[in-house]
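Q: Can you look at this prediction? I've put the sequence above it.
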Amino acid sequence: MKYLTIQEVLCVGDLSGFEARLDELMNSLLDLAEQDTYIEDPDLAATLTIGRVDVQMTVEAEDPAEAMVKALCALRTAIHAIGDATPGWETDRAVMHVAPLEDADRLFADA
C-alpha cells in the first residue's frame, strides 16, 4: 500500500547557508527515490528564517508504522549524504504524519 508521509523537522544552528543545504537535500532525496523503489515523489517546503523543513514523500509499505520507518530512514540517509548530522533530530525536533495515499487529504487542514 502507498502512504503519504510528511516529516516536520526543525533545523538548529547557523542558518546562513540553509537555503543552499535545502537544494542539496532535495537533490539527495531525488537520487534516493531513483535508487529505492519504495520511495516516490519527494518534495520539501521550508521556512528559512526559523529553520523549519517539511519533507513529503510517498512510501510503499505494509502499514503506517512501516511507512514512517521507511520515510525516517530515507530522510536520515539523504541528510547524511549531504554531510550533515542527525543526532536526536527524530525525537527532539521532528513530527511525522502519515496517511494512506488515497486518504492523504486528511493530513492537510484548511487555514
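A: Here it is on my side, so go on.

Q: Look up how far residue 76 lies from the residue nearest to residue 81 when sequence neighbours are not counted.
A: Nearest residue to residue 81, sequence neighbours excluded (CB to CB, 6 or more residues apart in numbering): residue 28, at 4.5 Å. C-beta coordinates here come from the backbone N, C-alpha and C atoms, glycine included. To residue 76, residue 28 is 11 Å away according to CB to CB, to the nearest Å.

Q: Compute the first-to-last residue distance for stretch 43-51.
A: For stretch 43-51, the first-to-last residue distance is 16 Å (CA to CA, to the nearest Å).

Q: now the helices for the chain?
A: 18-35, 64-81, 89-92 (DSSP state H).

Q: So in this protein, where's the weakest helix or strand by average pLDDT?
A: Lowest by mean pLDDT, DSSP states H and E among the helices and strands of the chain is helix 89-92, with a mean of 65.

Q: Below-threshold pLDDT in the chain: ranges please.
A: Within the chain, the segments meeting pLDDT under 70 span 87-93, 109-111.

Q: Give me the neighbour count for residue 67.
A: 26 (other CB atoms under 10 Å).
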